[in-house]
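Chemist: Sequence and predicted model, in that order:
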Amino acid sequence: MPVLRSAALFAAAALLEIGGAWLVWQGLREHRGWLWITGGVLALGAYGFTAAFQPDAHFGRVLAAYGGIFVAGSLLWGVVADGYRPDRWDVAGALICLAGTAVIMWAPRNGG
């Protein structure tokens, strides 16, 4: 169950961070206004809290592992929100990052 909780927290973090950054981008670059920017800033602030709820007590490990989720999530966000079509190298790179996440977070450890 800790792996499922951890994975769900990573998904929430990705949604908040990537979504927040996208809202700021839309507000500034696409001239959608301050309401979009404010929503983005609030989402980014909420993202900052998600690591604290991870079952692992090591901040550095959690944030390093989250990097793989961020990479894969960013490509997925681009597909859904912007019509981006990743090539095979994008997909391969994201899979490598996700494998790294799994090793960092969920590999068996002796005592910590």
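Modeler: Structure's in. What do you need?
Chemist: Need the per-residue pLDDT for residue 111.
Modeler: pLDDT for residue 111: 66.
Chemist: Sketch out the helices for this structure, chain order is fine.
Modeler: 2-29, 34-50, 59-82, 88-106 (DSSP state H).
Chemist: Can you give me the buried ones in the second one?
Modeler: Which is helix 34-50. Using 16 or more other C-beta atoms under 10 Å as the test for burial, helix 34-50 gives 36-37, 39-40, 43-44, 46-47, 50. The C-beta positions use only the backbone N, C-alpha and C, and glycine is treated the same way.
Chemist: What of the third one?
Modeler: Neighbour-count burial for helix 59-82 flags 62, 65-66, 68-75, 77-78 (criterion: 16+ other C-beta under 10 Å).
Chemist: In this protein, where is pLDDT below threshold?
Modeler: For the chain, the stretches with pLDDT under 70 are 111-112.
Chemist: center of it - which residue?
Modeler: Nearest to the mean C-alpha position of the chain, by C-alpha atoms, centre = their mean, lies residue 14 at 2.6 Å.
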